[in-house]
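[1] pasting the sequence and the predicted coordinates here, then a few questions.
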Amino acid sequence: MTTQLCADADEAVAGIEDGSTVLVGGFGMAGMPVDLIDALIRQGARDLTVVSNNAGNGDTGLAALLAKGRVRKVICSFPRQADSWVFDGLYRAGRIELEVVPQGNLAERMRAAGAGIGAFYCPTGVGTPLAEGKETREIDGRTYVLEYPIKGDVALIGAQRADRMGNLVYRKTARNFGPVMATAATTVIAQVRDIVETGMIDPETVVTPSIYVDRVVREVPAA
Amino acid sequence: MTTQLCADADEAVAGIEDGSTVLVGGFGMAGMPVDLIDALIRQGARDLTVVSNNAGNGDTGLAALLAKGRVRKVICSFPRQADSWVFDGLYRAGRIELEVVPQGNLAERMRAAGAGIGAFYCPTGVGTPLAEGKETREIDGRTYVLEYPIKGDVALIGAQRADRMGNLVYRKTARNFGPVMATAATTVIAQVRDIVETGMIDPETVVTPSIYVDRVVREVPAA
Amino acid sequence: MNPTSHFAHSERGPLDKHEIAALVARDIPRGAYVNLGIGRPTLVADHLPADSGVVLHTENGMLNMGPAAKDGEIDPDLINAGKIPVTELPGAAYFHHADSFAMMRGGHLDVCVLGAFQVSAEGDLANWHTGAPDAIPAVGGAMDLAVGAKKVFVMMTLFTKTGAPKLVPRCTYPLTGLACVDRVYTDVAVFDITPRGVSVSRTFGITHEELAEQLQVPLLFART
Amino acid sequence: MNPTSHFAHSERGPLDKHEIAALVARDIPRGAYVNLGIGRPTLVADHLPADSGVVLHTENGMLNMGPAAKDGEIDPDLINAGKIPVTELPGAAYFHHADSFAMMRGGHLDVCVLGAFQVSAEGDLANWHTGAPDAIPAVGGAMDLAVGAKKVFVMMTLFTKTGAPKLVPRCTYPLTGLACVDRVYTDVAVFDITPRGVSVSRTFGITHEELAEQLQVPLLFART
């Protein structure tokens, strides 16, 4: 349905419900939807499951959301970092659940959710603690683990540019999880640096077609 | 490994072996690697399995390859067309095998081959003759069919432009199966309209990265 | 979806294919992403208002497909799923086949409109194979379309040329998809496939009694 | 792969990390597509000849990554898997995470170079978790890299700081991948994991006898 152009990030995140699964794009700071995360902190939804590559850095962004006790569970590939003290503290205090997923499985499980695939046999992690208890199968002499989709209620992603219709392009390695998460959530909210008239993005270069994008907001330029 | 720039289509298809599975791109004439198919006819490999959306039209291209008795089996979504008399005749004479696959499963099964996925549960075709005998499973209340990858020994695809390194871009709906097949075959051979210096394709717009492309040949312009 | 919960009856005779297409077009919400199957469903595009904001998908890798190309506009690289030359509208996007069918299978299209040989009372669809033993099977994207869209609309005549009903208790033709059809638009009536049964929302030149008599499917009639 | 089938011995002492990186770099074929893991493997890039044609992959979505960005070149949108600002070379391509890991998992990379805590005689790899009960688990792309590339090279010192061997009969640390390592480059020797067993192709400042004595893994020595 028609993509909504929002006046600000608060309008963009309106209506996110308690208990939602929120996919959060970005790898490092590249592609991180900072304005949307800050707006989600103000918005107040709690008991969230956050799916993202990391589990927050320093005291801002995801870390600030975690620090406010709003996140019940984190699904990510790499929670432990030099500056992940907020997550570390909550985890050691038993106040947050963690599901560690190999980075490629994280991407592929969201891809499966977006593509209507019920489950898939994946070679990654076979024989490791992360596959313990999971169903396995030998196919053509190789062992695979059965992996299930990760679907979001909401995706918060960062992109370079949108047209008014909601088509998105990204910039360099800030692309990362954005295009995958955009396919995997019921409501997809994109923070972009620039909004242009429909027709101003070359149709050959669209990375996330407008069908996946529900709301777009222009990010607040750094002061 | 380094992409080979070939002098002509005959050099490009050299070495294709008898018994190979050949993925052939194109949907209708858009993206059809006509020069490569003609060269494959000259090259002589036989006992081929051809994977393509259709099973040849008129008396040229794939139909000509079929007419020469070089194809043992066709895996496709839509063999029967107004001008598919060559395939029709062979099929009714029991001289060619046919595996009909829903179009999206054809694409997804090749995608799985390229992505190292061992098998996947797909909702398409459940309860239909095309899923007969296949394993099914109920996941979250929905029934899925287990589908296996389709891997090619060779892919013949058409693209718009290559750089000398082998990065490819396509044009409009001629993109179709090309990018998927390029991931799913051991040797990928691309026919392009134009070869440019490396660096002349914007890295944001590359559709098939050079890693997937083994050989490139410039197509012979229509007379 | 626009509700069609109240019953509408017209005294005039059966609709022609253009009128059915117009009826479908009126039920497509503004801004919807829609795939129109090959054949009659393509006619729906002609009846969408210019400002509908409806975005057409073609499964061979494009969103915001425009109308069929006119003589001077034909581009062999720009065709629809029926292999007809088409045009591109501002805001279009191209993608490859796996991405295009992921979009369908993943439930991202709002509406898909398909033709049918038969639809069952439970919404099973048969539209790819007549079941003739000597027919060469060919499915294309029919099964993918049937399972993918949020709403699947069928457009068909209610009876075959020999008078056999195409809305049936159970399909006798090979299936395309199970319990996938939401609404059936025909020349004489519009049917909703609901958990409670088949509900008739409109008729054209046929009475309830005649309709009920000619179909072997129990019918619910919406309140007049 | 360049063969290293004949045995080479050097009288000089153990290699430092730069020398190990240079050794790995020499074994990477011209034009190969390569992923260099975070940490020491990154050093390999410094030892590739300028005309090697080697194309570096970073799993956060890029091929033909260039060297680390210098001061004036830093672009926050252009980082590697270790989140270090990098540069782009002509012929680069960007893609999203699912496509990037499909590229890895699908076996399209020629070589992947990884660090390790332990490698077993069968080529099992342990490089993501020390097994410390209070450690917060974090795997990143390690397991995906381990199973994906055509050849997996490991770079490590052969012994821990306390002198325990890291090439072991069976890994005691939690595994990253099963039977995935092809070759192990260490400061004192290079080992090939083969179906016949662990084969030593080069040593640096250590004799066969010393090596065999310090490892609990049976070793094959290539012919001198």
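    Cool, the structure landed.
[2] would you map the helices across chain C?
    C:17-26, C:97-105, C:142-148, C:208-214 (DSSP state H).
[3] can you give the distance of the last one from its chain's centre?
    Its chain's average C-alpha position is 23 Å from that of helix C:208-214, according to CA atoms, centre = their mean, to the nearest Å.
[4] contacts for that helix next, please.
    Under the contact criterion CB atoms under 8 Å, 6 or more residues apart in numbering or on different chains, helix C:208-214 has outside partners C:159, C:165, C:188, C:189, C:200, C:203, C:219, C:221. No exception for glycine: its C-beta is placed from N, CA and C like everyone else's.
[5] likewise the longest one?
    Where contact means CB under 8 Å, 6+ apart, the residues beyond helix C:17-26 that reach it are C:2, C:15, C:40-41, C:43-44, C:46-48, C:113, C:153, C:155, C:185-187, C:190, C:202.
[6] surely residue C:199 touches residue C:219?
    Yes: at 7.5 Å, residue C:199 counts as touching residue C:219 under the criterion of CB atoms under 8 Å.
[7] between these two, which contacts overlap?
    Going by CB under 8 Å, 6+ apart, residues that sit against residue C:199 and also against residue C:219 are residue C:191.
[8] returning to what we had before: could I get the helices of chain C as JSON lines with distance to residue A:42 and mean neighbour count?
    Formatted as JSON lines, those follow (distance: least, CB to CB, whole Å; neighbours: other CB atoms under 10 Å in any protein chain shown):
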{"stretch": "helix C:17-26", "distance to residue A:42": "42", "mean neighbour count": "19"}
{"stretch": "helix C:97-105", "distance to residue A:42": "33", "mean neighbour count": "26"}
{"stretch": "helix C:142-148", "distance to residue A:42": "37", "mean neighbour count": "30"}
{"stretch": "helix C:208-214", "distance to residue A:42": "56", "mean neighbour count": "13"}
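[9] now residue A:57: which helix or strand?
    Residue A:57 is part of no helix or strand when elements are defined by DSSP states H and E.
[10] wait, isn't it in contact with residue A:84?
    Yes: judged on CB under 8 Å, residue A:57 makes contact with residue A:84 at a distance of 6.2 Å.
[11] okay, now the unreliable bits of the chain?
    I went with chain A, as the question did not name one. A:223 (pLDDT under 70).
[12] not what I meant, chain C
    Within chain C, the segments meeting pLDDT under 70 span C:1-11, C:223-224.
[13] picking up where we left off before, export the helices of chain C to CSV and tack on distance to residue B:70?
    CSV is the format used below for the helices of chain C (distance: least, CB to CB, whole Å):
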stretch, distance to residue B:70
helix C:17-26, 43
helix C:97-105, 25
helix C:142-148, 30
helix C:208-214, 53
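[14] kindly list the longest helix within chain A.
    When chain A is parsed with DSSP H, its longest helix is helix A:103-115.
[15] show me what that one is packed against.
    strand A:119-122, strand A:142-147, helix A:178-184, helix C:97-105, helix D:97-105, helix D:142-148 (3 or more CB pairs under 8 Å, 6 or more residues apart in numbering or on different chains; DSSP states H and E).
[16] mind putting those in JSON lines, distance to residue B:34 included?
    Listed next are the helices and strands packed on helix A:103-115 as JSON lines, based on distance: least, CB to CB, whole Å:
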{"stretch": "strand A:119-122", "distance to residue B:34": "35"}
{"stretch": "strand A:142-147", "distance to residue B:34": "37"}
{"stretch": "helix A:178-184", "distance to residue B:34": "32"}
{"stretch": "helix C:97-105", "distance to residue B:34": "19"}
{"stretch": "helix D:97-105", "distance to residue B:34": "28"}
{"stretch": "helix D:142-148", "distance to residue B:34": "35"}
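[17] in a markdown table: those, plus distance to chain B.
    Shown next, in a markdown table, are the helices and strands packed on helix A:103-115 (distance: least, CB to the nearest CB, whole Å):
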| stretch | distance to chain B |
| --- | --- |
| strand A:119-122 | 4 |
| strand A:142-147 | 4 |
| helix A:178-184 | 12 |
| helix C:97-105 | 3 |
| helix D:97-105 | 3 |
| helix D:142-148 | 7 |
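[18] residue D:136: which of those is closest?
    With CB to CB as the measure, helix D:142-148 is the member of those nearest residue D:136 (14.9 Å).
[19] what residues does the closest one touch?
    Under the contact criterion CB under 8 Å, 6+ apart, helix D:142-148 has outside partners A:102-105, A:123-126, A:128, A:130, B:116, D:35, D:37, D:59, D:101, D:103-107, D:109, D:112, D:114, D:125, D:127-128, D:152, D:176-177, D:180-181.
[20] residue in chain A nearest to chain D?
    Per CB to the nearest CB, residue A:104 is where chain A lies closest to chain D, at 3.0 Å.
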